[in-house]
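**Student:** Sharing a model prediction with you, sequence too.
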Amino acid sequence: ILVTYGDNDTYPLWLLQKVKGLRPDVKVFNIHLLNVEKYRDRLFEENIIPLLADPKDRALSHDEIMQHLFQQANAPIYLGIAFSRQIREKYSAQLYLTGLALKYSVQEFDNLKVVKKNVNERFLLDYLKVDLYEDFSASVVDHINANYIPAFILLYKHYREKEMEAKAKDMERLLQKIASAAGMEDKIKTYFE
(Lines give C-alpha, C1' and ligand atoms only; values in the text may rest on other atoms or scores of the structure.)
Protein backbone atom coordinates (compact mmCIF):
# COMPACT_ATOMS: atom_id res chain seq x y z
CA ILE A 1 0.00 0.00 0.00
CA LEU A 2 1.38 3.39 -1.01
CA VAL A 3 -0.21 6.32 0.79
CA THR A 4 0.12 9.54 -1.19
CA TYR A 5 -0.37 13.10 -0.03
CA GLY A 6 -1.45 15.28 -2.92
CA ASP A 7 -2.57 15.47 -6.53
CA ASN A 8 0.93 15.56 -8.00
CA ASP A 9 1.96 12.30 -6.37
CA THR A 10 -1.40 10.52 -6.76
CA TYR A 11 -2.75 11.13 -10.26
CA PRO A 12 0.42 10.09 -12.13
CA LEU A 13 0.38 6.79 -10.24
CA TRP A 14 -3.27 6.18 -11.00
CA LEU A 15 -2.62 7.00 -14.64
CA LEU A 16 0.28 4.53 -14.82
CA GLN A 17 -1.83 1.85 -13.18
CA LYS A 18 -5.13 2.32 -14.99
CA VAL A 19 -3.88 3.31 -18.44
CA LYS A 20 -0.52 1.55 -18.68
CA GLY A 21 -1.30 -1.38 -16.40
CA LEU A 22 1.87 -0.86 -14.35
CA ARG A 23 2.10 -2.23 -10.82
CA PRO A 24 -1.52 -3.24 -10.30
CA ASP A 25 -0.29 -5.00 -7.15
CA VAL A 26 0.27 -1.62 -5.43
CA LYS A 27 -2.77 -0.07 -3.78
CA VAL A 28 -2.52 3.73 -3.97
CA PHE A 29 -4.39 5.47 -1.13
CA ASN A 30 -4.65 9.27 -1.15
CA ILE A 31 -4.61 10.43 2.49
CA HIS A 32 -6.99 13.32 1.84
CA LEU A 33 -9.53 11.14 0.07
CA LEU A 34 -9.47 8.63 2.93
CA ASN A 35 -11.79 11.03 4.75
CA VAL A 36 -14.43 10.32 2.11
CA GLU A 37 -16.29 7.37 3.57
CA LYS A 38 -17.19 5.67 0.25
CA TYR A 39 -13.59 5.93 -1.00
CA ARG A 40 -12.18 4.63 2.30
CA ASP A 41 -14.72 1.79 2.54
CA ARG A 42 -13.99 0.67 -1.03
CA LEU A 43 -10.22 0.59 -0.43
CA PHE A 44 -10.40 -0.90 3.03
CA GLU A 45 -12.88 -3.56 1.96
CA GLU A 46 -10.20 -5.86 0.59
CA ASN A 47 -7.11 -4.64 2.44
CA ILE A 48 -7.87 -3.40 5.94
CA ILE A 49 -10.31 -3.71 8.80
CA PRO A 50 -12.83 -0.88 8.29
CA LEU A 51 -12.16 2.44 9.96
CA LEU A 52 -15.35 3.93 11.26
CA ALA A 53 -15.86 7.65 10.88
CA ASP A 54 -16.38 9.81 13.94
CA PRO A 55 -20.06 9.70 14.95
CA LYS A 56 -20.08 13.51 15.18
CA ASP A 57 -19.14 13.76 11.47
CA ARG A 58 -15.72 15.06 12.41
CA ALA A 59 -13.12 14.48 9.73
CA LEU A 60 -10.53 11.94 10.77
CA SER A 61 -7.04 13.34 11.25
CA HIS A 62 -4.22 12.08 9.07
CA ASP A 63 -2.64 10.69 12.21
CA GLU A 64 -5.78 8.68 13.08
CA ILE A 65 -5.90 7.28 9.56
CA MET A 66 -2.19 6.41 9.53
CA GLN A 67 -2.35 4.78 12.97
CA HIS A 68 -5.19 2.60 11.72
CA LEU A 69 -3.30 1.70 8.54
CA PHE A 70 -0.10 0.89 10.42
CA GLN A 71 -1.98 -1.35 12.88
CA GLN A 72 -4.52 -3.02 10.59
CA ALA A 73 -3.13 -3.28 7.05
CA ASN A 74 -2.35 -6.76 5.79
CA ALA A 75 0.30 -5.45 3.39
CA PRO A 76 3.49 -3.38 3.67
CA ILE A 77 2.83 0.36 4.00
CA TYR A 78 4.80 3.04 2.19
CA LEU A 79 4.33 6.81 2.36
CA GLY A 80 5.10 9.00 -0.63
CA ILE A 81 8.13 11.19 0.00
CA ALA A 82 5.93 14.31 -0.25
CA PHE A 83 3.89 13.22 2.77
CA SER A 84 3.25 15.74 5.54
CA ARG A 85 6.21 16.58 7.75
CA GLN A 86 4.07 16.10 10.87
CA ILE A 87 3.42 12.43 10.10
CA ARG A 88 6.97 11.81 8.87
CA GLU A 89 8.39 13.25 12.10
CA LYS A 90 5.95 11.46 14.40
CA TYR A 91 6.79 8.06 12.90
CA SER A 92 10.40 8.79 11.97
CA ALA A 93 11.74 5.84 14.00
CA GLN A 94 9.64 3.45 11.88
CA LEU A 95 9.99 5.12 8.47
CA TYR A 96 12.85 4.17 6.17
CA LEU A 97 13.68 6.05 2.98
CA THR A 98 13.62 3.74 -0.05
CA GLY A 99 13.91 6.32 -2.83
CA LEU A 100 10.74 8.31 -3.47
CA ALA A 101 8.86 6.59 -0.66
CA LEU A 102 9.26 5.79 3.01
CA LYS A 103 8.66 2.22 4.15
CA TYR A 104 6.93 1.76 7.49
CA SER A 105 8.63 -0.98 9.50
CA VAL A 106 8.76 -1.68 13.23
CA GLN A 107 11.86 -3.80 12.58
CA GLU A 108 15.15 -2.21 11.53
CA PHE A 109 15.53 -2.19 7.79
CA ASP A 110 18.61 -1.79 5.55
CA ASN A 111 17.22 1.00 3.45
CA LEU A 112 20.58 2.07 1.97
CA LYS A 113 20.71 -1.15 -0.05
CA VAL A 114 17.19 -0.47 -1.40
CA VAL A 115 17.95 3.18 -2.18
CA LYS A 116 21.09 2.17 -4.10
CA LYS A 117 19.18 -0.42 -6.12
CA ASN A 118 16.32 1.95 -6.88
CA VAL A 119 18.49 4.90 -7.91
CA ASN A 120 21.08 2.89 -9.82
CA GLU A 121 18.89 0.21 -11.43
CA ARG A 122 15.25 1.26 -11.42
CA PHE A 123 14.95 5.03 -11.64
CA LEU A 124 15.18 6.60 -15.09
CA LEU A 125 17.16 9.75 -14.34
CA ASP A 126 18.12 11.04 -17.78
CA TYR A 127 15.61 13.87 -17.62
CA LEU A 128 17.24 15.04 -14.37
CA LYS A 129 20.68 15.15 -15.93
CA VAL A 130 19.84 16.67 -19.31
CA ASP A 131 17.23 19.24 -20.23
CA LEU A 132 15.47 17.36 -23.00
CA TYR A 133 13.00 20.06 -24.02
CA GLU A 134 11.40 23.27 -22.81
CA ASP A 135 8.49 22.47 -20.52
CA PHE A 136 5.74 25.02 -19.89
CA SER A 137 5.25 23.55 -16.41
CA ALA A 138 8.97 23.57 -15.55
CA SER A 139 8.48 25.13 -12.12
CA VAL A 140 6.08 22.34 -11.10
CA VAL A 141 8.45 19.71 -12.48
CA ASP A 142 11.42 21.32 -10.68
CA HIS A 143 9.51 21.29 -7.41
CA ILE A 144 8.53 17.61 -7.86
CA ASN A 145 12.09 16.67 -8.82
CA ALA A 146 13.20 18.01 -5.43
CA ASN A 147 11.64 14.83 -4.00
CA TYR A 148 14.77 13.00 -5.16
CA ILE A 149 16.99 15.09 -2.86
CA PRO A 150 16.71 12.98 0.35
CA ALA A 151 17.67 9.74 -1.43
CA PHE A 152 20.47 11.44 -3.34
CA ILE A 153 21.88 12.97 -0.14
CA LEU A 154 21.85 9.54 1.50
CA LEU A 155 23.79 8.12 -1.46
CA TYR A 156 26.17 11.08 -1.58
CA LYS A 157 27.06 10.60 2.12
CA HIS A 158 27.48 6.86 1.58
CA TYR A 159 29.82 7.38 -1.40
CA ARG A 160 31.88 9.90 0.59
CA GLU A 161 32.18 7.52 3.55
CA LYS A 162 33.27 4.70 1.24
CA GLU A 163 35.70 7.04 -0.56
CA MET A 164 33.96 6.52 -3.88
CA GLU A 165 34.86 10.03 -4.97
CA ALA A 166 33.74 9.82 -8.62
CA LYS A 167 30.27 8.60 -7.62
CA ALA A 168 30.07 11.17 -4.83
CA LYS A 169 31.00 13.95 -7.27
CA ASP A 170 28.38 12.80 -9.80
CA MET A 171 25.76 12.75 -7.07
CA GLU A 172 26.85 16.20 -5.86
CA ARG A 173 26.46 17.66 -9.37
CA LEU A 174 23.01 16.12 -9.74
CA LEU A 175 21.93 17.33 -6.29
CA GLN A 176 23.11 20.86 -7.03
CA LYS A 177 21.31 20.89 -10.39
CA ILE A 178 18.03 19.73 -8.86
CA ALA A 179 18.31 22.04 -5.85
CA SER A 180 19.17 25.03 -8.02
CA ALA A 181 16.19 24.45 -10.29
CA ALA A 182 13.90 24.14 -7.26
CA GLY A 183 15.40 27.17 -5.46
CA MET A 184 16.71 24.97 -2.64
CA GLU A 185 20.47 25.55 -2.87
CA ASP A 186 20.67 26.78 0.73
CA LYS A 187 19.06 23.61 2.06
CA ILE A 188 21.73 21.31 0.61
CA LYS A 189 24.92 23.38 0.67
CA THR A 190 25.92 22.19 4.16
CA TYR A 191 26.39 18.67 2.79
CA PHE A 192 29.18 19.85 0.48
CA GLU A 193 31.20 22.03 2.86
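**Tutor:** On my side now, so go ahead. Nothing here was measured: the structure is a model prediction, and the numbers come from that model.

**Student:** Would you agree Gln176 falls within a helix?
**Tutor:** Yes: according to DSSP: H, G, I helix; E, B strand; the rest coil, Gln176 belongs to a helix.

**Student:** and the gap between it and Ala82?
**Tutor:** Distance of Gln176 to Ala82, computed by C-beta to C-beta, to the nearest Å: 21 Å. Backbone N, C-alpha and C define where each C-beta goes, glycine included.

**Student:** again with Lys177
**Tutor:** Counting by C-beta to C-beta, the separation of Lys177 from Ala82 is 20 Å.

**Student:** These two: which is more packed in?
**Tutor:** Between Lys177 and Ala82, counting by other C-beta atoms under 10 Å, Ala82 is the more crowded of the two (18 against 15).

**Student:** I'd say that one and Tyr148 touch.
**Tutor:** No: contact criterion C-beta atoms under 8 Å: Ala82 and Tyr148 do not qualify, at 11.4 Å.

**Student:** Could you give me the buried positions within the one helix or strand in the chain whose mean pLDDT sits lowest?
**Tutor:** In the chain, the helix or strand scored least confidently by mean pLDDT, DSSP states H and E is helix 37-47, which has a mean of 80. Buried residues in helix 37-47, counted by 16 or more other C-beta atoms under 10 Å: 40, 43-44.

**Student:** got it, and stretch 120-133?
**Tutor:** So stretch 120-133, judged by 16+ other C-beta under 10 Å, has zero buried residues.

**Student:** Off-centre distance for it?
**Tutor:** What separates the centre of stretch 120-133 from the centre of its chain is 18 Å, taken as C-alpha atoms, centre = their mean, to the nearest Å.

**Student:** now the helices for the chain?
**Tutor:** 7-18, 37-47, 62-72, 85-90, 111-117, 126-129, 138-145, 149-161, 165-182, 185-188 (DSSP state H).

**Student:** Need those in CSV (columns: distance to Leu102).
**Tutor:** Listed next are the helices of the chain as CSV, based on distance: least, C-beta to C-beta, whole Å:
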stretch, distance to Leu102
helix 7-18, 12
helix 37-47, 19
helix 62-72, 11
helix 85-90, 7
helix 111-117, 9
helix 126-129, 20
helix 138-145, 17
helix 149-161, 9
helix 165-182, 19
helix 185-188, 19
